[in-house]
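In: Model the structure of this input:
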Amino acid sequence: MADVQPIPMKQRRQLARLLNPRSVADAMAAYYALDHPETQTELYGYFASRDIPTGFVAVAQTGMDLFRPLVIPFTSQEAALQSLLKAALKPQRPVLLYLPVDQQSWAEAVVRLSEIRILDLYRLDRASFKSIINVLLQETETPGGRPRYEIHSQTGVRAAAGINWRGEYFAEVYVDVIPETDLSGFGGSVLAAIVERLLSERKIALYQMEESIIHIGMELKQIGFRPTVIRTILAQAIID
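Out: Numbering: from 1, shown residues only. Next up, the predicted model:
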């Protein structure tokens, strides 16, 4: 009979057999299952038989939200997803749930979703990458030691780009700009800089874009990003 069990950190590598580390579709789940800091991660496995997990869910504390952990299920089965969410989520405690768009209805059978964002995944095409030179660019680090690139004005930071997570082959990047800043200007410069840094580390940059922000897709294309067919939701989830 199928069962959900916690997976100790010393056994987390057993989940690698479920993942393709070179697949863009598996990249985020692979990072949180295998590489996210142990003290900030909880893992639960879905066991169709006694010894071999066929799916899992990672519950991670991240800088994305200090009060709501990020929950990343990895399964292709409706019953497994629902069992994993029931085991991993605490009643009435909000989390940020990240999963494929076509699994939204599966999740809604056991959790309440709100603040739903639809994300399209972009992948850097190494051959199409174009660097952007900007003399105002400053290289710095986050408190956690990750690289970050910024452009400042007299009133503060105009644009910044950094890394959400960094796995074996891929890394997800972000860019923050003040409202009047054009991504193709300062924002494009900082984004190109973090992408170039990752290329020097032999990692491919990924970017999650909300489907409603269409103009950013054009700017991403100029830097060298290309859309994939992968669409996900990021939403607040609460289980009763």
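
In: buried set for stretch 23-42?
Out: By neighbour count on 16 or more other Cβ atoms under 10 Å, the buried set for stretch 23-42 is 24, 26-34, 36, 41-42. In short, each C-beta sits where N, CA and C put it, glycine included.

In: Could you report the pLDDT at His215?
Out: Note on His215: pLDDT of 61.

In: Numbering from 47 from now on, please.
Out: In the new count, where the first residue is 47, that last one comes out as His261.

In: Next up, the contacts around Thr278.
Out: Residues in contact with Thr278, defined by Cβ atoms under 8 Å, 6 or more residues apart in numbering, are Tyr144, Leu145, Pro146, Val147, Ile164, Leu165, Leu167, Gln254.

In: now it: how far from Gly191?
Out: Remark: distance between Thr278 and Gly191 (Cβ to Cβ, to the nearest Å) = 27 Å.

In: just checking, which of the buried residues of stretch 69-88 belong to strands?
Out: Judged by DSSP state E, the subset of the buried residues of stretch 69-88 located in strands is Thr87, Glu88.

In: can you redo the buried residues of stretch 69-88 as a markdown table with pLDDT?
Out: Output for those, formatted as a markdown table (pLDDT from 0 to 100):
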| residue | pLDDT |
| --- | --- |
| Val70 | 96 |
| Asp72 | 97 |
| Ala73 | 97 |
| Met74 | 97 |
| Ala75 | 97 |
| Ala76 | 97 |
| Tyr77 | 97 |
| Tyr78 | 97 |
| Ala79 | 97 |
| Leu80 | 97 |
| His82 | 96 |
| Thr87 | 97 |
| Glu88 | 97 |
